[in-house]
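[1] how would this look folded up:
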Amino acid sequence: MINEWEEFCAYTRTVSYTASKKSDTTWLGRFTFATILEFEGMARILTILARGYLFHCKDGAAISGNPHDRIDYARCALCAWCSVPDDGKRALDKEWQFRTDFSELHTEFPELVDADGPAGFSAMSSAPQTALTHPERCAAPLKYAEVIQSKFAAAWRSKVMCIRPRFLCPKPRVPDAAL
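    Numbers count the residues shown, from 1 in each chain. Below you'll find the model as predicted:
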């Protein structure tokens, strides 16, 4: 996309999963098979998200001032977008190492994370339901829908543990200009 704000909005707003004909892949929403199955392009997506929270208000207007003052806010937004509910298999003594659920950020970023855990990209795990419910609309991609539905959450949880910061966001600071 050429318009960075439009791309930011595409990644932070609700996706409508549909399919109208047999070769239609709109059940993927805003993502491609490579993004979902191989996490290709995630650095770009995370950069677009961070820049959106560093440089823009919720209406898209540019925020004046030093963006360095909003780094914690942008970092917490990324944690919220990457959130995936914990699987309950982490050791209590090393909780910070395995943390992937940032649902407590729901009050600060309701557009990014649900109160019960699923967030921006992890909400993708619900997309295959469209293909599985309407197989007559999705030909070859149907085999991928089953893979995404069964393995996506675990694979994304593993990625989040690798890319998330080692320090966590117990209480995000919301800059006045971002409200």
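[2] Could I get the full set of helices for this structure?
    Assigned by DSSP state H, the chain shows helices spanning 4-12, 33-38, 42-55, 71-82, 95-98, 128-133, 142-163.
[3] For the residue sitting furthest away from the middle of the chain, which non-adjacent residue is spatially closest?
    In the chain, Glu136 marks the outermost C-alpha relative to the chain mean, sitting 28.5 Å out by Cα atoms, centre = their mean. With sequence-adjacent residues excluded and distances taken as Cβ to Cβ, 6 or more residues apart in numbering, Glu136 is closest to Lys22, at 7.1 Å. All C-beta spots, glycine's among them, are computed from the backbone N, C-alpha and C.
[4] for His134, same thing?
    Leaving aside its sequence neighbours, His134 sits nearest to Ala19 (Cβ to Cβ, 6+ apart; 6.0 Å).
[5] cool, Leu54 as well?
    In this structure, Leu54 finds its nearest non-sequential neighbour in Pro67, 4.3 Å apart by Cβ to Cβ, 6+ apart.
[6] Burial check on that neighbour, number of neighbours?
    16 (other Cβ atoms under 10 Å).
[7] Next, the contact list for Gln142, please.
    That one is not Gln; residue 142 is Leu. 131-132, 135 (Cβ atoms under 8 Å, 6 or more residues apart in numbering).
[8] 10 Å instead?
    27, 128, 131-132, 134-136 (Cβ atoms under 10 Å, 6 or more residues apart in numbering).
[9] Would you indicate which residues of stretch 34-53 are buried?
    35-36, 39, 45-46, 48-53 (16 or more other Cβ atoms under 10 Å).
[10] just the contacts of Leu142: which has the poorest pLDDT?
    Among the contacts of Leu142, Trp27 carries the lowest pLDDT, at 74.
[11] Pull up the gap between that one and Gly41, please.
    19 Å (Cβ to Cβ, to the nearest Å).
[12] circling back to that earlier point, in a markdown table, list the buried residues of stretch 34-53 along with pLDDT.
    Below are the buried residues of stretch 34-53 laid out as a markdown table (pLDDT from 0 to 100):
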| residue | pLDDT |
| --- | --- |
| Thr35 | 85 |
| Ile36 | 83 |
| Phe39 | 85 |
| Ile45 | 89 |
| Leu46 | 89 |
| Ile48 | 93 |
| Leu49 | 92 |
| Ala50 | 92 |
| Arg51 | 94 |
| Gly52 | 94 |
| Tyr53 | 94 |
